[in-house]
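Participant: quick one, what's the 3D model for this:
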Amino acid sequence: LFALTRFMSARADNRSFTALNQVMAKYEAGKAGKSDVDRLNAIKTDFNDFLNQFGKKGAGRIGRMIFAGISQEGGDLDTAANLYTQALKDFEGNPFYLNLIRTSLGQVYAAKNDAAQSAAQLEAAVSKTASPLADTALFDLALQAEAEGQKEKALSYFKRISEEFPDSMFKEIVKERITG
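Facilitator: Below is the predicted model:
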């Protein structure tokens, strides 16, 4: 009975990854010459159908993150925030993905002009050990502090990037911001 259960579960997972690949192939095929909004609108129904059918499977959890990113790029920030929030639950206990999600969610909230939620997500991403995007989260926090007129706070974030992430992709911008 256990072997049959494992076989059926693996088969369902294979179907879910096949379905995700099909949705992604359609998305990639429809990218040429279209705006982010048009690409989102062209694939939204397919992704929603996929998530309704496979949302609890491994491929569904990965697909939710992908669709959140596509929604973010397409300007549907409410959908992106909802999907990233669901993804936080999907990847609970996996610090690598949690930090990726928190950084993206922080960027979504910043785009929605919700500085408090943005800072909360970005700070959570930075505070976790071995965060893959800690420098990105710090950079976003620094830009947010600058936009709010908090120059000293922004400078402290820039200095942290410089000290903790000397090879960051932001190192040149950070140098300019620190030196004024």
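Participant: from here on, just use CA atoms for contacts and neighbour counts.
Facilitator: Noted.
Participant: now the most centrally placed residue in the chain: how far from residue 28?
Facilitator: Ranked by distance to the mean C-alpha position of the chain (C-alpha atoms, centre = their mean), the top residue is residue 104 at 3.5 Å. Separation of residue 104 from residue 28 (C-alpha to C-alpha, to the nearest Å): 21 Å.
Participant: check residue 147 too.
Facilitator: Applying C-alpha to C-alpha to residue 147 and residue 28 gives a distance of 35 Å.
Participant: strands along this structure, start to end?
Facilitator: Assigned by DSSP state E, the chain shows no strands.
Participant: where does it have low pLDDT?
Facilitator: 1-12, 128-131 (pLDDT under 70).
Participant: kindly recompute the last result at 80.
Facilitator: Within the chain, the segments meeting pLDDT under 80 span 1-13, 127-132, 180.
Participant: may I ask you to confirm that residue 138 is in contact with residue 126?
Facilitator: Yes. If you go by C-alpha atoms under 8 Å, residue 138 and residue 126 touch, sitting 6.8 Å apart.
Participant: more neighbours: those two, which one.
Facilitator: The residue with more neighbours, out of residue 138 and residue 126, is residue 138; 24 against 21, by other C-alpha atoms under 10 Å.
Participant: and that one, what does it touch?
Facilitator: By C-alpha atoms under 8 Å, 6 or more residues apart in numbering, the contact list for residue 138 reads 122-123, 126, 157-158, 160-161.
Participant: most neighbours of all those, which one?
Facilitator: residue 122 (30 neighbours).
Participant: ok, that residue touching residue 141?
Facilitator: Yes. Taking C-alpha under 8 Å as the definition, residue 122 is a contact partner of residue 141 at 6.8 Å.
Participant: what number of residues lie near residue 103?
Facilitator: Residue 103 has 29 nearby residues by other C-alpha under 10 Å.
Participant: residue contacts, it?
Facilitator: Residue 103 neighbours (C-alpha under 8 Å, 6+ apart): 121-122, 125, 133, 136-137.
Participant: one more time with 10 Å
Facilitator: By C-alpha atoms under 10 Å, 6 or more residues apart in numbering, the contact set of residue 103 is 84, 97, 118-119, 121-126, 131-138, 140.
Participant: how close does it get to residue 81?
Facilitator: 12 Å.
Participant: for residue 115, same thing?
Facilitator: Residue 115 is 14 Å from residue 81, where distance means C-alpha to C-alpha.
Participant: common neighbours of these two, please.
Facilitator: With C-alpha under 10 Å, 6+ apart, residue 115 and residue 81 have common neighbours 106-107, 109.
Participant: before we move on, back to that, contact partners for the residue nearest to the centre of the chain?
Facilitator: Residue 104 neighbours (C-alpha under 10 Å, 6+ apart): 65, 68-69, 72, 80-81, 84, 98, 110, 118, 121-122, 125, 133, 136-137.
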